[in-house]
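Q: just a sequence and a predicted model for now, questions to come.
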Amino acid sequence: MTGPAPTKAEVVDVLREVMDPELGVDIVSLGLVYSLDVTDDGVVDVTMTLTTPGCPLHAIIGRSIERAMLPLGVSDVRVQLVFSPPWDPRMMNDYAREELGMG
């Protein structure tokens, strides 16, 4: 890693660029990111879920997260998929609801 570790806000901004390929809305707005942590040495841990446990696109989303972090100069990105609590459409923000015609 070169330079200081990114802030959580910087990581969230980058995650807003990662789209759910099926829905075309970013994973933050969809409420798929449950938590994230950035260590002082630049390791980013993302705990997230998917809209459905059997979603076949989990690998694509994981790689998209890793690619999105490259400009931040992080030393490592670890994505952990969890399904508890299960995702629910109420987890979406107003932007996602509007984009999906649910607003």
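A: Received it, and whenever you're ready, just let me know what you need.
Q: please count neighbours and contacts with C-alpha atoms only from this point.
A: Noted.
Q: can you tell me the closest non-neighbouring residue to S35?
A: By the measure of Cα to Cα, 6 or more residues apart in numbering, the closest residue to S35 outside its immediate chain neighbours is T47, 5.1 Å from it.
Q: isn't that neighbour right up against V82?
A: Yes: T47 lies in contact with V82 (Cα atoms under 8 Å); the separation is 7.0 Å.
Q: quick one: the strands in this protein?
A: Under the criterion DSSP state E, the chain carries strands at the ranges 33-38, 43-48, 76-81.
Q: which of those strands sits most buried?
A: Ranked by average neighbour count under the criterion mean count of other Cα atoms under 10 Å, the strands of the chain are headed by strand 43-48 at a mean of 19.
Q: which elements pack onto that strand?
A: Taking 3 or more Cα pairs under 8 Å, 6 or more residues apart in numbering; DSSP states H and E as contact, the helices and strands that strand 43-48 lies on are strand 33-38, strand 76-81.
Q: give the pairing partners of the last one; include direction for each.
A: The one in question is strand 76-81. Taking DSSP bridges as the criterion, strand 76-81 forms sheet pairs with strand 43-48 (parallel).
Q: and the partner strand with strand 33-38, angle?
A: Between the axes of strand 43-48 and strand 33-38, defined by axes from the mean of the first three to the mean of the last three Cα atoms, to 10 degrees, the angle is 170 degrees.
Q: restricting to C-alpha, output strand 43-48 in PDB.
A: What follows is strand 43-48, C-alpha atoms only, in PDB (Å, rounded to 0.1, in the frame of the first residue of the first chain):
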ATOM      1  CA  VAL A  43      -7.000  -3.900   4.500                       C
ATOM      2  CA  VAL A  44     -10.600  -3.500   3.700                       C
ATOM      3  CA  ASP A  45     -13.100  -6.000   5.100                       C
ATOM      4  CA  VAL A  46     -16.600  -5.900   3.600                       C
ATOM      5  CA  THR A  47     -19.400  -7.900   5.100                       C
ATOM      6  CA  MET A  48     -22.300  -8.100   2.700                       C
END
